[in-house]
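[1] have a look at this prediction, sequence included:
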Amino acid sequence: MRPEALNWSVENCPIGRTMELLGERWTVVVLREVFNGIRRFDDMRARTGIPRQVLANRLSTLVEQGVLRQAPYQEPGARQRHEYRLTEKGFDLYPVLLAVHDWGERYLSGPAGSPSRFAHAGCGASVHATLRCEDGHHVTAVRDVRPLPGPGAVRRDHAESSVS
């Protein structure tokens, strides 16, 4: 049986478009650092070992895309520099990083376990990414989620979709 998804275009797909921004390894590492409170270029370099030009490029892209904003600071006797702070658009990526962390912890952590965890500031309990529908139901099995065409979906030309 032919999958229904073949009838729909993937141009303008939100997953594909998001991965154009986040798909490079160092971009997610930069976001991890900013979420951990590391906001200055030199601190990021020292903690991650990201090559200088790569870090500059990633920060520039995240600022251009409105995920981070620059905030000026100046140490005594030094020139003014910028640190990087999350915008609302950037904070909205937090569940993505939690999901990546949860997956890595489950499948890639060593025998000692993960070197990090996320805790609720109010009670100290661990925080994890979870799935809920808009009606508030907790989705426990990913097989209970169905991808469907959304309001911006475009049906593909039959001849184009039947290419093998």
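    Yep, it's here.
[2] which strand or helix spans Cys112?
    Rather than Cys, residue 112 is Ala. If you go by DSSP states H and E, Ala112 is not part of any helix or strand.
[3] pLDDT score assigned to it?
    Per-residue confidence (pLDDT) for Ala112: 91.
[4] same check, this time on the one 10 residues further on
    Model confidence at Gly122, given as pLDDT, is 97.
[5] which stretches of the protein have low pLDDT?
    158-164 (pLDDT under 70).
[6] can you give me the helices in it?
    Residue ranges of the helices in the chain, as given by DSSP state H, are 14-22, 25-35, 41-48, 52-64, 88-91, 94-107, 158-161.
[7] output these in a markdown table, with mean neighbour count and distance to Ala78 appended to each entry.
    In this view, the C-beta of every residue, glycine as well, is placed from N, C-alpha and C. Putting those into a markdown table (neighbours: other C-beta atoms under 10 Å; distance: least, C-beta to C-beta, whole Å) gives the following:
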| stretch | mean neighbour count | distance to Ala78 |
| --- | --- | --- |
| helix 14-22 | 12 | 32 |
| helix 25-35 | 18 | 21 |
| helix 41-48 | 15 | 11 |
| helix 52-64 | 16 | 18 |
| helix 88-91 | 13 | 26 |
| helix 94-107 | 14 | 31 |
| helix 158-161 | 10 | 58 |
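[8] and the ones you listed as JSON lines, adding distance to Glu75?
    Formatted as JSON lines, the entries for these read as follows, by distance: least, C-beta to C-beta, whole Å:
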{"stretch": "helix 14-22", "distance to Glu75": "31"}
{"stretch": "helix 25-35", "distance to Glu75": "19"}
{"stretch": "helix 41-48", "distance to Glu75": "11"}
{"stretch": "helix 52-64", "distance to Glu75": "19"}
{"stretch": "helix 88-91", "distance to Glu75": "25"}
{"stretch": "helix 94-107", "distance to Glu75": "29"}
{"stretch": "helix 158-161", "distance to Glu75": "58"}
